[in-house]
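K.L.:
Please find the sequence and the predicted model below.
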Amino acid sequence: MTNELMPLLQLSDSQFPSGAFAHSFGFETYIQEDVVTDADSFKQALVVFLKKQLVYNDGLAFKLAMDCLEQGDRDYLMELDHLLFASCVSHETREGNRRVGARMAKLCQELYESLELRDYLNQIKEKTAYGHAALVFACVYQSLKISKEAALETFLFTNLSSLVQNAVRGIPIGQTDGQKILVDVHPVIKEAVHSIMNLSIEDLGAGSPGLEIAQMHHERLYVRLFMS
Amino acid sequence: MSHTGFLSLQATKRDSRTVVHGFYEGAFKFTRPVKLEDDSVSIYLIHVGGGYVEGDTYFTSIHLEEGAELSVTSQASTKVYKTLENPVEQKTTIRLAPSSILEYCLDPLIMYEGAKFLQETTVEMAGDSCFFYSDIVTPGWSEAGENFRYQWYRNKLKVIRDEKLVLFDHLLLEPDEDLEGVLQLEGYTHVGSFVIFHPEASRTFGDRLYEEVASFDLSVRLGISNMESGGIVVRLLGNKTQTLESVMDRIHTFARKELLKKEKITWRKY
């Protein structure tokens, strides 16, 4: 039995080489267009990103994946993988998610080997699945028997923490300001976990139009710090 | 289950022209096929009531047989009124056989105070068929003078090409303190989408399309990207139906010319 705190700490560590640090998922467009200029405007965007993007996409997919793995239904995981891929309308962001997902699958299988993840990794290698970090984390946390709420909270926090690190470099904002934002969003993460627990597959994939356009614009930016 | 409106259309290629058969029930009707200037056949969908209300359900089926070419549009905007309990549901299934071409361009959907609307459109297409799709959603006038008084709008467009899911475009608009802000509508009121699936709708085509429309009307914010193996999604934000429509016309005309070798389409609406 794994001590349940340590894998959560390791997998949510900003030093964990997930590859997410290379992606802004559209935020760089807002920085270049002077929409996100400081800690306040960044925090505002980050909260909406959590409530409207992560809740209906990565977060909900993560929860649904944990549900299906709990019931031993691995076919459903494939369906989620395909829905996540096809619901992302920016080519670059879709590719970013796929790359991070494939890399995480490989790395996590070396660290926390499981049957669930082995299957998913094989499907990615055979190109029957695309790969998405949300589904990789769901495999790992499910195989370690970590509670759904704790796993989901960690997963959402990890996503936000990675975007905060990017904001520190990209806007830039101070390290302390970045950490303050993470503290400020604690209650919003709790609410997001609660919302996700009450959503179903019918809600999966809902996109935010402004963010989608920002992600599309990123593909045409001349100077970029981030790959998406 | 009986629907508020039901409509079924089938297009077949006879010799070199497309012939349309079908039937309708309830609040749905369609016009007889109209020939446009370049010999394309066009059908206008009509809603005979004043708008969509509480618990209405609509079902549309469109099937294009091999080589058939058809343009489908609505005759006017669709108005969704207050729904107390059950949302209005509209489902559409589209099947496109090899070498067929469907241009499916809907007028704006107007969401009035208290409206709840769920739309699901599923397209199953052969790899070498072609599908153009456009829609616009706008908030309706409200007594309080505020724009966003509807309950929610949910639109799902699923495209399955050669039995593989290639697009799941899901838009959910729920008026709250965030809807008009950053990442969401960003100060705009109207959301438009233009989707193109064609074997030659590559990334390069998307770049040329972007050149063509990016600076055409700066009051419209738009993004263009490509899906794998021949798909383009254009997302637009604007404040007026007319400006969005003029940008979308330009997209349509460019795609028609480049991909279908056809001239600009001129719908006859009154």
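P.N.:
Noted; the coordinates are in hand.
K.L.:
so what's the closest residue to residue B:143 other than its chain neighbours scoring on pLDDT?
P.N.:
Closest residue to residue B:143 apart from its sequence neighbours, by Cβ to Cβ, 6 or more residues apart in numbering or on different chains: residue B:113 at 7.1 Å. All C-beta spots, glycine's among them, are computed from the backbone N, C-alpha and C. Predicted confidence (pLDDT) for residue B:113: 93.
K.L.:
my guess is residue B:113 contacts residue B:142, does it?
P.N.:
Yes. At 4.4 Å, residue B:113 counts as touching residue B:142 under the criterion of Cβ atoms under 8 Å.
K.L.:
out of the two, which sits in the busier spot?
P.N.:
residue B:113 (17 against 14; other Cβ atoms under 10 Å in any protein chain shown).
K.L.:
Please tell me how far whatever residue of the stretch 51-200 of chain B ends up closest to chain A sits from residue A:209.
P.N.:
Going by Cβ to the nearest Cβ, chain A is nearest to residue B:172 of the stretch 51-200 of chain B, at 3.7 Å. Residue B:172 sits at a distance of 10 Å from residue A:209 (criterion: Cβ to Cβ, to the nearest Å).
K.L.:
quick one, which of the two is more surrounded?
P.N.:
Neighbours per residue (other Cβ under 10 Å) separate residue B:172 from residue A:209, with residue A:209 holding more: 24 against 17.
K.L.:
Work out the gap between the longest helix along chain A and the centre of the chain.
P.N.:
In chain A, taking DSSP state H as the definition, the longest helix is helix A:148-170. Taking Cα atoms, centre = their mean, to the nearest Å, one finds the center of helix A:148-170 at 8 Å from the center of the full chain.
K.L.:
Show me what residue of chain B gets nearest to chain A.
P.N.:
residue B:223 (3.0 Å).
K.L.:
Which helix or which strand is home to that residue?
P.N.:
strand B:221-227 (DSSP states H and E).
K.L.:
Was I right to think the residue of chain B closest to chain A contacts residue A:211?
P.N.:
No. If you go by Cβ under 8 Å, residue B:223 and residue A:211 don't touch, sitting 9.8 Å apart.
K.L.:
before we move on, back to that, flag every buried residue along the longest helix of chain A.
P.N.:
For helix A:148-170, burial by neighbour count (16 or more other Cβ atoms under 10 Å in any protein chain shown) applies to A:148, A:151-168, A:170.
K.L.:
residue contacts, the nearest residue to residue B:53 once chain neighbours are set aside?
P.N.:
Nearest in space to residue B:53, with sequence neighbours left out and distances taken as Cβ to Cβ, 6+ apart, is residue B:81 at 5.1 Å. Residue B:81 sits next to B:51-54, B:112, B:114-115 when contact means Cβ atoms under 8 Å, 6 or more residues apart in numbering or on different chains.
K.L.:
ditto for residue B:126
P.N.:
Residues near residue B:126 by Cβ under 8 Å, 6+ apart: B:96-100, B:161-162.
K.L.:
same thing but 10 Å
P.N.:
Counting by Cβ atoms under 10 Å, 6 or more residues apart in numbering or on different chains, residue B:126 touches B:64, B:66, B:95-100, B:161-163.
K.L.:
Could you list the buried residues of the longest helix anywhere in chain B?
P.N.:
Using DSSP H, we find that the single longest helix of chain B is helix B:241-255. Neighbour counts over helix B:241-255 (16+ other Cβ under 10 Å) mark B:241, B:243-245, B:247-255 as buried.
K.L.:
got the angle between it and strand B:221-227?
P.N.:
With axes from the mean of the first three to the mean of the last three Cα atoms, to 10 degrees defining the directions, helix B:241-255 sits at 30 degrees from strand B:221-227.
K.L.:
which other helices and strands contact helix B:241-255?
P.N.:
strand B:101-105, strand B:130-139, strand B:190-197, helix B:203-213, strand B:221-227, strand B:231-238 (3 or more Cβ pairs under 10 Å, 6 or more residues apart in numbering or on different chains; DSSP states H and E).
K.L.:
Confirm that residue B:265 sits in a strand.
P.N.:
No. Counting by DSSP: H, G, I helix; E, B strand; the rest coil, one finds residue B:265 to be coil, located in no strand.
K.L.:
and the closest residue to chain B within chain A, helix, strand or coil?
P.N.:
Chain B sits closest to residue A:216 of chain A, with a gap of 3.0 Å, by Cβ to the nearest Cβ. Using three-state DSSP, the structure places residue A:216 in helix.
K.L.:
coming back round to it: pull out the C-alpha coordinates of the longest helix of chain A and format them as CSV.
P.N.:
What follows is helix A:148-170, C-alpha atoms only, in CSV (Å, rounded to 0.1, in the frame of the first residue of the first chain):
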residue,chain,number,x,y,z
LYS,A,148,-11.8,10.8,-5.8
GLU,A,149,-12.2,14.2,-4.1
ALA,A,150,-8.6,14.4,-2.9
ALA,A,151,-7.3,13.2,-6.3
LEU,A,152,-9.5,15.7,-8.2
GLU,A,153,-8.5,18.6,-5.9
THR,A,154,-4.8,17.7,-6.4
PHE,A,155,-5.3,17.5,-10.2
LEU,A,156,-7.0,20.9,-10.4
PHE,A,157,-4.4,22.5,-8.1
THR,A,158,-1.6,21.0,-10.2
ASN,A,159,-3.0,22.6,-13.4
LEU,A,160,-3.4,26.0,-11.8
SER,A,161,0.0,25.9,-10.1
SER,A,162,1.6,25.2,-13.5
LEU,A,163,-0.2,28.2,-15.1
VAL,A,164,0.9,30.4,-12.1
GLN,A,165,4.5,29.4,-12.7
ASN,A,166,4.1,30.4,-16.4
ALA,A,167,2.6,33.7,-15.4
VAL,A,168,5.5,34.4,-13.1
ARG,A,169,7.8,34.0,-16.1
GLY,A,170,5.5,35.3,-18.9
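K.L.:
Can you tell me what sits against the helix or strand of chain B with the lowest mean pLDDT?
P.N.:
Across the helices and strands of chain B, the lowest-confidence element by mean pLDDT, DSSP states H and E is strand B:34-35, at a mean of 88. Residues outside strand B:34-35 that contact it (Cβ under 10 Å, 6+ apart) are B:17-18, B:40-44, B:71, B:267-268.
K.L.:
switch the cut-off to 8 Å
P.N.:
Residues outside strand B:34-35 that contact it (Cβ under 8 Å, 6+ apart): B:41-44, B:268.
K.L.:
Is there a quick ChimeraX command that grabs whichever of the residues you listed are buried?
P.N.:
Of the contacts of strand B:34-35, the buried ones go into a single ChimeraX selection, burial set by 16+ other Cβ under 10 Å:
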select /B:41,42,43,44
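K.L.:
could the contacts of strand B:34-35 be laid out in a markdown table, adding distance to chain A, pLDDT and secondary structure?
P.N.:
Below are the contacts of strand B:34-35 laid out as a markdown table (distance: Cβ to the nearest Cβ, whole Å; pLDDT from 0 to 100; DSSP: H, G, I helix; E, B strand; the rest coil):
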| residue | distance to chain A | pLDDT | secondary structure |
| --- | --- | --- | --- |
| B:41 | 30 | 92 | strand |
| B:42 | 28 | 94 | strand |
| B:43 | 28 | 95 | strand |
| B:44 | 28 | 95 | strand |
| B:268 | 31 | 74 | coil |
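K.L.:
Could you report the neighbour count for residue B:10?
P.N.:
The tally of other residues near residue B:10 (other Cβ under 10 Å) stands at 17.
K.L.:
Now do stretch A:215-228, average pLDDT.
P.N.:
Average pLDDT, stretch A:215-228: 94.
K.L.:
before we move on, the earlier item: now for the next helix or strand after the longest helix of chain A, which elements pack on it?
P.N.:
For helix A:148-170, the following helix or strand on the C-terminal side (DSSP H and E) is helix A:175-184. Helices and strands touching helix A:175-184, by 3 or more Cβ pairs under 8 Å, 6 or more residues apart in numbering or on different chains; DSSP states H and E, are helix A:39-48, helix A:148-170.
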